[in-house]
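In: Let's see this in three dimensions:
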Amino acid sequence: ITARSWRAPAMVMLAAAVAGWLLMVAFEKPDAEIRNPFDYLWYFFISATTVGYGDMYPESAGGRIGGVVVIIAGLTAGLMLFAELTLWMAKGRTMKANGRARLHHRGHVVVIGYERDGLRKIIGQLRADSRFAATPVVTVFWPDQLTGENPDPDLYDVIAHDETAYERAAVADASTVLVVGRNDDETVR
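Out: Residues are numbered from 1 along each chain as shown. Below is the predicted model:
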């Protein structure tokens, strides 16, 4: 959302919606259903996405020009908006899988340190307790422990270690924090 690439297509869609509406109001019959603001919104979304149910359509030449404006905006700017949304969602999934996302859990369990088999056993013990059956688990990997994507995305979320790792893991909002070092010195550190 902080990227600005979605703003231009959004403005084109807004301009098309307003221009189409003005043309409908100016040229369609006074009792035409399409002039009703809520009906026009329905028409706009259906036409801009090129679904076109045919339940509502302009009958005047000016209204049809408005319809063309809406359809062309949907085919161009609407598809660009959809592409931006798809890229944004894919980037979020990739960041989460690679431990770079900021999580927004509350009341979760944070495990600092990682050894896959050990973590899976800890989660198994947590899930056996009904109080923790559905509690999200986040693990903060030590530097160089996370290579690639989260190997168990259905069991826990991952956070790659850096200066923002504990903030991104929402440690302050966790119900429990467990430090699992490879040895006692690492655990104390």
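In: hey, let's count contacts and neighbours off CA atoms from now on
Out: OK.
In: for the longest helix along the chain, which positions count as buried?
Out: Of all the segments assigned as helix in the chain under DSSP state H, the longest by residue count is helix 7-27. Buried residues in helix 7-27, defined by neighbour count with 16 or more other C-alpha atoms under 10 Å: 9-10, 12-13, 16-17, 19-25, 27.
In: Closest one of the residues you listed to Val137?
Out: Nearest to Val137 among the buried residues of helix 7-27 is Ala10, at 37.3 Å by C-alpha to C-alpha.
In: Name the residues that touch the longest helix of the chain?
Out: Residues outside helix 7-27 that contact it (C-alpha atoms under 8 Å, 6 or more residues apart in numbering): 34-35, 40, 44, 58, 60-63, 65-67, 69-70, 73-74, 77-78, 80-81.
In: Now with 10 Å, please.
Out: 1, 28, 30, 32, 34-37, 40-41, 44-45, 48, 57-74, 76-82, 84 (C-alpha atoms under 10 Å, 6 or more residues apart in numbering).
In: After it, which helix or strand is next?
Out: helix 37-48 (DSSP states H and E).
In: and the buried residues of helix 7-27 as a markdown table, adding pLDDT?
Out: Listed next are the buried residues of helix 7-27 as a markdown table, based on pLDDT from 0 to 100:
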| residue | pLDDT |
| --- | --- |
| Pro9 | 89 |
| Ala10 | 89 |
| Val12 | 92 |
| Met13 | 92 |
| Ala16 | 94 |
| Ala17 | 94 |
| Ala19 | 95 |
| Gly20 | 94 |
| Trp21 | 94 |
| Leu22 | 95 |
| Leu23 | 95 |
| Met24 | 93 |
| Val25 | 93 |
| Phe27 | 95 |
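In: what residue ranges in the chain score low on pLDDT?
Out: Counting by pLDDT under 70, the chain contains low-confidence ranges at 1-3.
In: the helices in it, which residues?
Out: Using DSSP H, helices in the chain cover 7-27, 37-48, 61-73, 79-97, 116-128, 165-168, 184-188.
In: Report the separation between Arg100 and Lys29.
Out: As for Arg100, its distance to Lys29 is 56 Å (criterion: C-alpha to C-alpha, to the nearest Å).
In: higher neighbour count, these two?
Out: A direct count of neighbours by other C-alpha atoms under 10 Å for Arg100 and Lys29 places Arg100 higher, at 20 against 15.
In: The more buried one against Glu167, yeah?
Out: No. Judged on C-alpha atoms under 10 Å, Arg100 makes no contact with Glu167 at a distance of 11.4 Å.
In: Going by neighbour count, which of the contacts of helix 7-27 are buried?
Out: Using 16+ other C-alpha under 10 Å as the burial test, the contacts of helix 7-27 include 28, 32, 34-35, 40, 44-45, 48, 57-58, 62-74, 77-78, 80-81, 84 as buried.
In: ok, back up a step: what residues are shared contacts of Arg100 and Glu167?
Out: Common neighbours of Arg100 and Glu167 (C-alpha under 10 Å, 6+ apart) are Ile159.
In: returning to that earlier point: I'd like the helices of the chain as a markdown table, with distance to Gly107 appended.
Out: Formatted as a markdown table, these follow (distance: least, C-alpha to C-alpha, whole Å):
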| stretch | distance to Gly107 |
| --- | --- |
| helix 7-27 | 36 |
| helix 37-48 | 40 |
| helix 61-73 | 45 |
| helix 79-97 | 19 |
| helix 116-128 | 14 |
| helix 165-168 | 14 |
| helix 184-188 | 23 |
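In: Good, we can wrap up now.
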